[in-house]
Structures are given as structure tokens and as C-alpha cells.
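Trainee: the sequence isn't on hand, but the structure is:
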């Protein structure tokens, strides 16, 4: 299953939500992401969350597609006046460089800096993506991770 030929981003739309919800049901991915809603399987909560995202002009939410198939999402919002991003790639597509390519595309269109990302300290694949894209670690803190029902170490990365 090598790398896809084409990775694209498009503005997330209502029709993408069924696929994105399904993608976020993978238990291993939920554990790796760690910082998830309290109940990732609650479709009503998922839909309400996405309605808020899509209605907020300050949030840029994109659907990631690989060779035309929806495989994840990437989004930007502001925390304390600083842009923060998050991304999620469907687990069957891990290891195919889709996250790196999608986040690079997103950053190329996002001309503001700095950009921050938070990641579970044991999420080595996401850390590798961030470092490959030029993010550098600027902090760490302990935060409650719903998916693990515990406080865990979270690393903070920044791209200037």
C-alpha cells in the first residue's frame, strides 16, 4: 500500500462528517490522540462540535483526502491569540506520509506564525511529523486526557 499519489485538502463540509466520525472511532487512534471528547462514540456531541467549528469564521477546518478518499482532518483555531492546529489521520493510512503532506499543505496556505501544536508525549509518530515540518518543542505540561482517563504529559511545539 505505498504513499498515495495525491493528498489534498478542502474546506470541511457537512457531507464529510460521516466519514470523519467513523475515522475517529478507531480505539487505537483514540488512545494515541489522548485528548479527545469524553465519549468519542457520542455522535450527537460530535455533530454539535463540528457545527460550532464550521459556523466559526475564525476556525479553518479542512478535510484531508488521499487519492480522493477522505482519510482525516486538519484544523486551526486560536488559543490566547496564537494559532493552534490539530490533525487526525485514519489509522489504516498511518505510515504513508499523509499527515506530513497534509499538514505541510495546510501550513503553506496558513501564512501566520507562530503556530502551536500540542501532542501526547508518547505519540512518537506525531512528534516525528512535527519535527520533520520544522516545529520545535517549546514546553511541556501535564493535562487530563479523556481517552486515557488520566493526566499525562503533553508536549507543546511551535513553528515560527
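Mentor: Everything's here; your move. The structure presented is a predicted model; accordingly, all values stated were derived computationally and were not measured.

Trainee: what is the three-state secondary structure of the residue nearest to residue 46 when sequence neighbours are not counted?
Mentor: Take residue 46 and drop its neighbours on the chain: the residue closest to it by C-beta to C-beta, 6 or more residues apart in numbering is residue 21, 5.3 Å away. In this view, the C-beta of every residue, glycine as well, is placed from N, C-alpha and C. Secondary structure state of residue 21, per DSSP: H, G, I helix; E, B strand; the rest coil, is helix.

Trainee: you'd agree residue 21 is up against residue 44?
Mentor: No - using C-beta atoms under 8 Å, residue 21 is not in contact with residue 44, being 10.8 Å away.

Trainee: who has more neighbours out of those two?
Mentor: A side-by-side neighbour count of residue 21 and residue 44, using other C-beta atoms under 10 Å, places residue 21 first with 15 against 8.

Trainee: buried ones in the helix or strand of the chain with the lowest mean pLDDT?
Mentor: Ranking every helix and strand in the chain by mean pLDDT, DSSP states H and E puts helix 27-33 at the bottom, with a mean of 91. Buried positions in helix 27-33, judged by neighbour count with 16 or more other C-beta atoms under 10 Å: 29, 30, 32, 33.

Trainee: what of stretch 55-62?
Mentor: 60, 61, 62.

Trainee: as TSV, those with pLDDT and secondary structure would be great.
Mentor: TSV is the format used below for the buried residues of stretch 55-62 (pLDDT from 0 to 100; DSSP: H, G, I helix; E, B strand; the rest coil):
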residue	pLDDT	secondary structure
60	97	strand
61	97	strand
62	98	strand
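
Trainee: coming back round to it: mind checking pLDDT for the residue nearest to residue 46?
Mentor: pLDDT for residue 21: 98.

Trainee: that one and residue 33, how far apart?
Mentor: Noted for residue 21: a distance of 14 Å to residue 33, by C-beta to C-beta, to the nearest Å.
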